[in-house]
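the following comprises the amino acid sequence and a computationally predicted model.
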Amino acid sequence: MQTIGYARASNFDVDIAEQVAALESAGCSEIVIDRGRGRHPRDLKRRSALLSRLQTDDTLVIFRLECIAVSGKDLLETLSDITERKICLQVLHNNLHSGRDAWKETLIAITVAYTALSAAKGPEEDGLRVAGRTAILRAEDWEKIQADTKVMSASAVARQHKVSRSTLYNYLRRMEKQSETTG
């Protein structure tokens with residue numbers, strides 16, 4: 001059973017020296033410092049190495065919860081991994097410790113919810129469009145727009161169909177490519 005501290009230079013207003021001082025006063029036998037400021041978990045090489053060598057009943061001490069992750073998704077995955085492996089987590093800034101029942105229950109609830117949400121089939125997997133607006137210029141508009149572009153300026157055609165010129169140009173290119181491949 002070991003108590004290891006983890007400090008990270010992040011985009012937040014937490015200074016490495018402040019983190020290390022707090023971790024030392026918390027009695028950490030070792031402090032691992034990650035100076036990576038990446039936006040992906042793979043950028044935190046020392047964190048990955050530390051998490052892989054922690055064992056059941058070891059305690060990981062961090063200054064603030066956001067110091068252990070680079071995103072919300074990464075935070076939930078890391079908390080899930082720590083909880084599943086029965087590693088204790090102590091967050092100094094919030095005075096949280098996974099050994100306490102309320103914190104442990106909160107961690108378990110977060111990880112169960114995250115697991116359930118991750119396993120749930122999203123609407124995008126059913127072929128439904130999740131984000132973005134529906135196409136304003138459809139394939140059935142092609143002949144009319146083609147005729148309009150012969151007698152009007154691109155700006156006038158775009159105004160008539162209530163789209164921007166760039167949307168109109170993108171539509172024209174797409175439809176011309178489509179007619180080349182089918183015709």
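Right, received. Where do you want to start?

who's in contact with Ala156?
Asp148 (C-beta atoms under 8 Å, 6 or more residues apart in numbering). From N, CA and C alone the C-beta is placed, and that goes for glycine too.

that one: which element?
Secondary structure assignment for Ala156, by DSSP states H and E: helix 154-160.

could I get the CA-only coordinates of that helix as PDB?
Output in PDB follows, covering the C-alpha atoms of helix 154-160 (Å, rounded to 0.1, in the frame of the first residue of the first chain):
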ATOM      1  CA  ALA A 154     -25.100  33.700 -58.000                       C
ATOM      2  CA  SER A 155     -26.000  36.300 -55.300                       C
ATOM      3  CA  ALA A 156     -29.600  36.600 -56.600                       C
ATOM      4  CA  VAL A 157     -30.000  32.800 -56.800                       C
ATOM      5  CA  ALA A 158     -28.700  32.400 -53.300                       C
ATOM      6  CA  ARG A 159     -31.100  35.100 -52.000                       C
ATOM      7  CA  GLN A 160     -34.000  33.500 -53.800                       C
END
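
which SSE is immediately downstream of it?
helix 165-182.

now that following helix: average pLDDT?
For helix 165-182, mean pLDDT is 86.
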